[in-house]
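Q: I'd like to go over a predicted model; first the sequence, then the structure.
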Amino acid sequence: MTLENEENKLKTLLLILNESDLLDEANIKNLFSCFPGVEKEGVENLIVYVDFLKTINAESKKALVHIFKERIHGFALEFPSFSVDIIEDYETPSTVTPSTVIPSTVALPEAVQTKSPGMSVCFVFGLGGRDELKQILSDFITRCRNEDFQTQTSEMTSDYISDSLKLPFEPDLIISHAKHTLTDFMIWQTVYSEYYFFEKDVGKVTDSDFRKAFDSFYKRDRRYGA
């Protein structure tokens, strides 16, 4: 599609889900089946954020994340053209490429080993944006107390925050399955993002539904806060 407005280029897409959306393994499979169509749209970075109910305790959440990771690992094997990562509570990402999913004792097919990764897909479980910003501020204060850091800079700037984020992308479009509710995830990066809400369950979403979301995005006049 030729865009009249060059500002409406869709490079980074944020998809917000609830943990209940992934309880059915078929839903995850259906979600992965839509990824090739998303990539064809020109999306370079697809971020899938899984929001948990506040009533879920830490132990239950940990168990659910473990189950979700295992399922994502399995489906990542079926789509080796994507680079799939997982972030838990903003810790170091654990890459879910075929070479790390399959035990080292199992030989990978040559086609899988040599296929170049395409769209980057990142599943994120855990903390919200406010917690990340609080951690960045806490780390900044700690570093300011260090003499070596004081000789460099002691000023909190927008660039400093942006450079400290685990996900430095600024989503162009946010598609939410989360019952028309918003989260504080990527609160710093999404200030100028456009929103679109799916009415269907994840297991019933099709390429056509994503197409409608993209068409809606392209028709919008992005003001970037103006």
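A: Now that the structure is in, tell me what you want to look at.

Q: Please make it C-alpha for all contacts and neighbour counts, starting now.
A: Noted.

Q: Dihedrals phi and psi, the spatially most central residue of the chain?
A: By C-alpha atoms, centre = their mean, the chain has its centre lying nearest to Ile47, at 1.8 Å. Here is the backbone geometry of Ile47 (degrees, to the nearest 10): phi -110, psi 120.

Q: again with Arg220
A: Torsion angles, degrees, to the nearest 10, at Arg220: phi -90, psi 150.

Q: swap in Ala58?
A: Torsion angles, degrees, to the nearest 10, at Ala58: phi -60, psi -40.

Q: Ok, Ile87 next?
A: phi -120, psi 130.

Q: who does it bridge with?
A: Assessed by DSSP bridges, Ile87 has beta-bridge partners Val124.

Q: Isn't it up against Leu127?
A: No: at 10.0 Å, Ile87 and Leu127 do not qualify as touching, with contact defined as C-alpha atoms under 8 Å.

Q: Just give me the neighbour total for the nearest residue to Ser83 once chain neighbours are set aside.
A: Nearest-residue entry for Ser83: Ser120, 4.8 Å, with adjacent residues in sequence omitted and distances by C-alpha to C-alpha, 6 or more residues apart in numbering. Residues within reach of Ser120, counting by other C-alpha atoms under 10 Å, total 17.

Q: pretty sure Ser120 is in contact with Val84, am I right?
A: Yes: between Ser120 and Val84 there is a contact under C-alpha under 8 Å: 6.2 Å.

Q: Could you point out which residue ranges in the chain have low pLDDT?
A: Counting by pLDDT under 70, the ranges of the chain that qualify are 1-7, 55, 90-117, 147-154, 178-181, 225-226.

Q: Just the helices from it, written as ranges.
A: Along the chain, the segments classed as helices by DSSP state H run 25-40, 58-78, 98-101, 110-114, 129-144, 147-150, 158-164, 207-218.

Q: Using a markdown table, lay out those together with mean neighbour count and distance to Leu13.
A: Formatted as a markdown table, the helices of the chain follow (neighbours: other C-alpha atoms under 10 Å; distance: least, C-alpha to C-alpha, whole Å):
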| stretch | mean neighbour count | distance to Leu13 |
| --- | --- | --- |
| helix 25-40 | 17 | 9 |
| helix 58-78 | 15 | 19 |
| helix 98-101 | 16 | 23 |
| helix 110-114 | 12 | 26 |
| helix 129-144 | 15 | 17 |
| helix 147-150 | 11 | 35 |
| helix 158-164 | 13 | 18 |
| helix 207-218 | 16 | 10 |
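
Q: CA-only coordinates of stretch 56-64, as CSV, when you get a sec.
A: Taking C-alpha atoms only, stretch 56-64 is exported to CSV below (Å, rounded to 0.1, in the frame of the first residue of the first chain):
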residue,chain,number,x,y,z
ILE,A,56,-2.4,-13.5,40.8
ASN,A,57,0.3,-14.1,43.4
ALA,A,58,3.9,-14.3,42.5
GLU,A,59,4.1,-18.1,42.7
SER,A,60,1.1,-18.6,40.4
LYS,A,61,2.5,-16.1,38.0
LYS,A,62,5.9,-17.8,37.9
ALA,A,63,4.2,-21.1,37.1
LEU,A,64,2.1,-19.6,34.3
